[in-house]
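Novice: no sequence on this one, just coordinates:
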């Protein structure tokens, strides 16, 4: 199965703005990518109408990425639920205007916030998540959008770490308006067999993010990429493969993503090597 390969603008900058997108989008298209992940860290960072026109002219397929910063949570103890719902509605509105069909991210608690839970406490957290996510899922489905909820590794969240936890927590809501966003970086840490986890997610995979096991380029790491693509084939996923890595030049994003050393000779090199590897690998299949 041939999938469109995309890249997240976090590879180069944070936060994304109209000015940085005007510079990055032509570069990304020129490299040969067919899709672009657009983080919306805060409302108003970039204009969705303006972005939509630019990306359409470059034939770049957009995906909107939500950022769960401090205070953003659909669980009461971790943040302000109504404000988070409002933020996610802003992301959905941006997706509609820019021409994206997927809004992806760890939409449950602030990234980097963890706490211990008893079995009963986890049941309550899941109940809150379902209750507070439900109206957003209904709105997304009505608007032709999919919210893609991303499991994160244990160091970044204690709510949803694995595909199994994601399927269990979201079970009553999964469908046309809600799916899972799988990230190979987190799969590598949390899943005993990433390929098995991918297959178990099946039709509920709404978006896939990729990077090397060290957050660097795809293909020169220990991830079994042929097996990963085969598992996505078996799961029936034909959507975008979005490279998500981060620049260490921006202090905020470097600390948030724990980027303490260069992951490639340059950010352009990281992106281009990933694209070459995945393009060649898909051509062999």
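Specialist: Arrived safely, thanks for sending. A quick note: this is a predicted structure, and the numbers were derived from the prediction, not measured.

Novice: alpha carbons only for contacts and neighbour counts from here, please
Specialist: Will do.

Novice: hmm, who's touching the helix or strand bottoming out on mean pLDDT in the chain?
Specialist: Sorting the helices and strands of the chain by mean pLDDT, DSSP states H and E puts helix 251-257 at the bottom, at a mean of 83. Residues from elsewhere that reach helix 251-257 (Cα atoms under 8 Å, 6 or more residues apart in numbering): 14, 112, 246-248, 259-260.

Novice: could you redo the last one with a cut-off of 6 Å?
Specialist: residue 248 (Cα atoms under 6 Å, 6 or more residues apart in numbering).

Novice: going by neighbour count, list what's buried in that helix.
Specialist: Neighbour counts over helix 251-257 (16 or more other Cα atoms under 10 Å) mark 253-254, 257 as buried.

Novice: quick one: the strands in the chain?
Specialist: Ranges of strands in the chain, per DSSP state E, are 5-8, 35-40, 61-66, 102-105, 146-149, 178-183, 205-210, 241-243.

Novice: redo these as JSON lines? Include distance to residue 190, mean pLDDT and mean neighbour count.
Specialist: What follows is the strands of the chain, written out as JSON lines (distance: least, Cα to Cα, whole Å; pLDDT from 0 to 100; neighbours: other Cα atoms under 10 Å):
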{"stretch": "strand 5-8", "distance to residue 190": "22", "mean pLDDT": "98", "mean neighbour count": "26"}
{"stretch": "strand 35-40", "distance to residue 190": "24", "mean pLDDT": "98", "mean neighbour count": "25"}
{"stretch": "strand 61-66", "distance to residue 190": "22", "mean pLDDT": "98", "mean neighbour count": "24"}
{"stretch": "strand 102-105", "distance to residue 190": "17", "mean pLDDT": "98", "mean neighbour count": "28"}
{"stretch": "strand 146-149", "distance to residue 190": "16", "mean pLDDT": "99", "mean neighbour count": "28"}
{"stretch": "strand 178-183", "distance to residue 190": "11", "mean pLDDT": "99", "mean neighbour count": "26"}
{"stretch": "strand 205-210", "distance to residue 190": "15", "mean pLDDT": "99", "mean neighbour count": "25"}
{"stretch": "strand 241-243", "distance to residue 190": "19", "mean pLDDT": "99", "mean neighbour count": "26"}
